[in-house]
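Student: 3D model of this:
(chains A and B)
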Amino acid sequence: MASEKGVMLLDFWVSPFGQRARIALAEKGVQYEYKEENLTEKSELLLKANPVHKKIPVLIHDGKPVCESLIIVEYIDEVWSDKATLMPSAPYQRAQARFWADFIDKKVYDCGSRLWKLKGEEQQAAKKEMIDILQLLEAQLGDKKYFGGDSFGFVDVAFVPFTSWFYSYETCANFSVEGVAPKIAQWAKRCMERESVAKTLSDPKKVYEFVCFLKKKFGVE
Amino acid sequence: MEEAKGEEVTLFGFWSSPFVHRVIWALNIKKIKYKYVEEDLSNKSALLLEHNPVYKKVPVLVYNGIAIAESLIILEFIEETWKENSIMPQDPYEKAVARFWATAAGDGLWQFFITEGKEREEALTSVINNFELLEKELIGKNFFGGDRIGYLDISVGWISYGVPIFEEITEFKIITEQKFPLLHAWMEAFSNSEFVKDTLPLREKLSERYRKVWEAIMQKKN
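Tutor: Here you go, the predicted structure:
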């Protein structure tokens, strides 16, 4: 990669992981070039920037690549530290923020995928798991405005892109997020009042179209 | 739960866990006094379950009554709480690279260990690709952290005993001096470092445990 000055994001439109990076950049007011990747035909640049996983998102800052969405968000927070701080300042709160962002990473996308990939008993099991995940996160949120407290923070950025997938989860597995975790549903609405979130998140109906496309591709009926 | 008195640090662990070893190494480098509690993973203590209700796993660090889980998160907590003998790079980009390799370095190694045939070949290709990139991170340095052991050395330190054990059991050499001279040298330097040397269980004991796990997995397959 040439040491071109500036910020570039290699991404895929509906990726909740890529959206984390976009939201963080927007919160910080960082100008960047967005490059949409074709995941069935990955660019030379992507393969060079992320030779280990070959995945998006990749943030390229002055020619240097940063991979893995949560690492990218912490990097953005540390470099553009003058505004919209995402991480808390005290060590224990930072550890908690990292813990819950990591929990979201480990659980949400994987369980969500099983909701639309599987049927019958297996799907029911995945549904129960998703409800448990949502309720555990709801307990963490409590009555706070955001996971970060009064200010929109790291865990909010980590989780909010998945809110546009709620419609797909609900439709595939027949349950209601508002029904099982009303505080999470309210929090999702509050986040959508932020410009960074509203401009970044995919339309839930478009996400559902994408899920249907994936279902066809994987031969799920 | 214990009453907090002054600075009290307790580590809940299991003797053979590489995740626990990371925390032990970090506590050593930072010269932090701590109490170690060995858990019986087949009969977890009430305290452990109370401190890590989400995953119910070790390691868990308890500091003045508050619990932190997940080894890499514990490392960053230790770095931020005890300022001396720093283990993280200062530069945000170097931090991002270290954090990336902390999890990516081990990719494929476990798959290589527990699979056979085509699956193992694929895992091995992935492992070799990663090690080739990781080798580059050591150019001009004794350790990933530079002159001294740092966060990345601690995070991937389990490779220094894990890979030789895997190689012995599978009878396949991955890290040779010819193929990976810097990684090979790093493994020795890391194992012999004052912060690591006396921390590990006897090599034979570790090896025996991994062999038992491997045999159980292989038996299930056949």
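Student: Tell me the spacing between residue A:186 and chain B.
Tutor: Distance check for residue A:186 against chain B: by Cβ to the nearest Cβ, to the nearest Å, it reads 23 Å. Using the backbone N, CA and C atoms, a C-beta is placed for each residue, glycine as well.
Student: what's near enough to touch that residue?
Tutor: By Cβ atoms under 8 Å, 6 or more residues apart in numbering or on different chains, the contact set of residue A:186 is empty.
Student: and residue B:18, how many residues sit next to it?
Tutor: Applying other Cβ atoms under 10 Å in any protein chain shown, we find 17 other residues in the vicinity of residue B:18.
Student: Look up phi and psi at it.
Tutor: Residue B:18 adopts backbone torsions of phi -60, psi -30, taken as degrees, to the nearest 10.
Student: got a list of what it touches?
Tutor: By Cβ under 8 Å, 6+ apart, the residues touching residue B:18 are B:158, B:162.
Student: Pull up the gap between it and chain A, please.
Tutor: Counting by Cβ to the nearest Cβ, the gap from residue B:18 to chain A is 18 Å.
Student: Residue A:130 versus that residue, what's the distance?
Tutor: Between residue B:18 and residue A:130 the distance is 31 Å, computed by Cβ to Cβ, to the nearest Å.
Student: Show me where chain A has its strands.
Tutor: For chain A, the strands defined by DSSP state E cover A:7-11, A:33-36, A:58-61, A:64-67.
Student: oh, I was asking about chain B
Tutor: Per DSSP E, chain B has strands spanning B:9-13, B:35-38, B:60-63, B:66-69. These are given in chain order.
Student: Including mean neighbour count, could the ones you listed go into CSV?
Tutor: Formatted as CSV, the strands of chain B follow (neighbours: other Cβ atoms under 10 Å in any protein chain shown):
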stretch, mean neighbour count
strand B:9-13, 21
strand B:35-38, 13
strand B:60-63, 26
strand B:66-69, 21
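Student: closest to chain A out of these?
Tutor: strand B:66-69 (4.8 Å; Cβ to the nearest Cβ).
Student: could you point out where chain B is predicted with low confidence?
Tutor: Per-residue confidence for chain B (pLDDT under 70) gives these ranges: B:1-6.
Student: how about the residues of chain B near chain A?
Tutor: Applying Cβ under 8 Å from any Cβ of the partner chain, we find that chain B lies next to chain A at B:54, B:63, B:66, B:68-70, B:73-74, B:76-77, B:80-81, B:92-93, B:95-97, B:99-100, B:103-104, B:107, B:129-130, B:133.
Student: Which of those residues are buried, as a ChimeraX select command?
Tutor: Provided next is the ChimeraX selection string for whichever of the residues of chain B next to chain A are buried by 16 or more other Cβ atoms under 10 Å in any protein chain shown:
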select /B:63,68,69,70,73,74,76,77,81,92,93,95,96,97,99,100,104,107,130
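Student: Just the residues of chain B next to chain A: which are in helices?
Tutor: Within the residues of chain B next to chain A, membership in helices is found for B:73-74, B:76-77, B:80-81, B:92-93, B:95-97, B:99-100, B:103-104, B:129-130, B:133, as judged by DSSP state H.
Student: For residue 129, which residues are in contact?
Tutor: Assuming you mean chain A. Here residue A:129 is in contact with A:107, A:111, A:114 (Cβ under 8 Å, 6+ apart).
Student: That was the other one, I meant chain B.
Tutor: Applying Cβ under 8 Å, 6+ apart to residue B:129 gives the contacts A:51-52.
Student: Repeat that for residue A:85.
Tutor: A:77, A:151.
Student: For chain B, see how far away it is.
Tutor: Applying Cβ to the nearest Cβ, the value for residue A:85 to chain B is 14 Å.
Student: Report the residue spans of chain A with pLDDT below the cut-off.
Tutor: Across chain A, the stretches falling below the confidence threshold (pLDDT under 70) are A:1-3, A:221.
Student: quick one, helices of it?
Tutor: So, for chain A - with DSSP H - the helices run A:16-28, A:44-49, A:69-79, A:91-117, A:120-141, A:154-159, A:166-173, A:177-180, A:182-192, A:195-200, A:204-217.
Student: do chain B as well
Tutor: Secondary structure of chain B by DSSP H: the helices cover B:18-29, B:46-51, B:71-81, B:92-104, B:109-114, B:117-136, B:151-156, B:159-170, B:181-192, B:203-221.
Student: Any idea which of these gets closest to residue A:79?
Tutor: Put simply, out of the helices of chain B the one that sits nearest residue A:79 is helix B:92-104, at 5.2 Å, with distance taken as Cβ to Cβ.
Student: now for that closest one, which elements pack on it?
Tutor: With contacts defined as 3 or more Cβ pairs under 8 Å, 6 or more residues apart in numbering or on different chains; DSSP states H and E, helix B:92-104 has these neighbours: strand A:64-67, helix A:69-79, helix B:71-81, helix B:151-156.
Student: For the ones you listed, give me JSON lines that also has distance to residue B:11.
Tutor: JSON lines is the format used below for these (distance: least, Cβ to Cβ, whole Å):
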{"stretch": "strand A:64-67", "distance to residue B:11": "31"}
{"stretch": "helix A:69-79", "distance to residue B:11": "25"}
{"stretch": "helix B:71-81", "distance to residue B:11": "9"}
{"stretch": "helix B:151-156", "distance to residue B:11": "14"}
